[in-house]
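> Kindly return the folded structure for what I paste below:
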Amino acid sequence: MKTYEKVFEFLSDPTKETFLKCRELVINDPEYDPYSEDTGNVQKLLNEGKFQEVVKYVNVNILLSPRVHIFKYFAYKELGDEKAMNIEMTIAQIIFECIEKTGDGTEDSPYIVTRISDERDLIRYHFNKEDTMQMLVKGEDKIMDVLTLNDGSEIYFDISVPYRRIAFSFNKRNAEAEKEEEKTERPKKKSWSNFLSKN
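Down below sits the predicted model:
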């Protein structure tokens, strides 16, 4: 849990430098998966009214996810914990502000995100806007997502680090899917033939 606590050190000094330093702890973690289904998992638990499970849901992939902290805010609200509720909303707000400090959303100075879902979180929850189109742009030194908003403006996000983890993310999910299939696999015909040969 010490690593998790270090990730949040930027909260007491929310500068671009401290935020990116704390982000390094996340992206260098072996379990870092910027395409993980964790945000969807937390939302599902929230929708099902499993508020205790929402607030206990913690892993490296959601530490810097504003969306998950907003979900936890609503879970704590339902649980009547006003102090924890305010902490979660403050964390989400500071993450948004720190993402803004990483750039200005232009091609020359894109925002730096930790998860791909951070892009839409910033646009929808922080800027209160909607995106209509997404495009991948590969530059000489960085890989960017360009989101076109409903007002016609464009916002650039540096996704170089998450993009390079694509192969890892997909391989991990395929391995997990295979394990699930093995668990639910029906008995093989061989076992029936063994049974018949014994009788």
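> drop to CA atoms for contacts and neighbour counts, all remaining ones
Fine.
> The closest residue in space to residue 14 that isn't next to it in sequence: helix or strand, and which one exactly?
Spatial nearest neighbour of residue 14, chain neighbours left out: residue 98 (6.4 Å); criterion: C-alpha to C-alpha, 6 or more residues apart in numbering. Assigning secondary structure by DSSP states H and E places residue 98 in helix 82-101.
> any idea how far that helix is from the chain center?
15 Å (C-alpha atoms, centre = their mean, to the nearest Å).
> what's the next helix or strand after it in contact with?
Sequence-wise, the next helix or strand downstream of helix 82-101 (DSSP H and E) is strand 111-112. If you take C-alpha atoms under 8 Å, 6 or more residues apart in numbering as the criterion, strand 111-112 is touched by 99, 100, 101, 102, 103, 104, 105, 156, 157, 158, 159.
> quick one: the nearest residue to the second one once chain neighbours are set aside and residue 150, what's the gap?
Read it as residue 100. The shortest distance from residue 100 to any non-neighbouring residue, by C-alpha to C-alpha, 6+ apart, is to residue 111 (6.4 Å). Note on residue 111: its distance to residue 150, by C-alpha to C-alpha, to the nearest Å, is 19 Å.
> Which of these two has more residues huddled nearby?
Each of residue 111 and residue 150 has its neighbours counted (other C-alpha atoms under 10 Å); residue 111 has more, 24 against 12.
> And the furthest pair within the contacts of strand 111-112?
101 and 159 (15.7 Å; C-alpha to C-alpha).
> Comparing these two, which residue is more hemmed in?
Taking other C-alpha under 10 Å, residue 101 and residue 159 do not tie; residue 159 has more neighbours (24 against 18).
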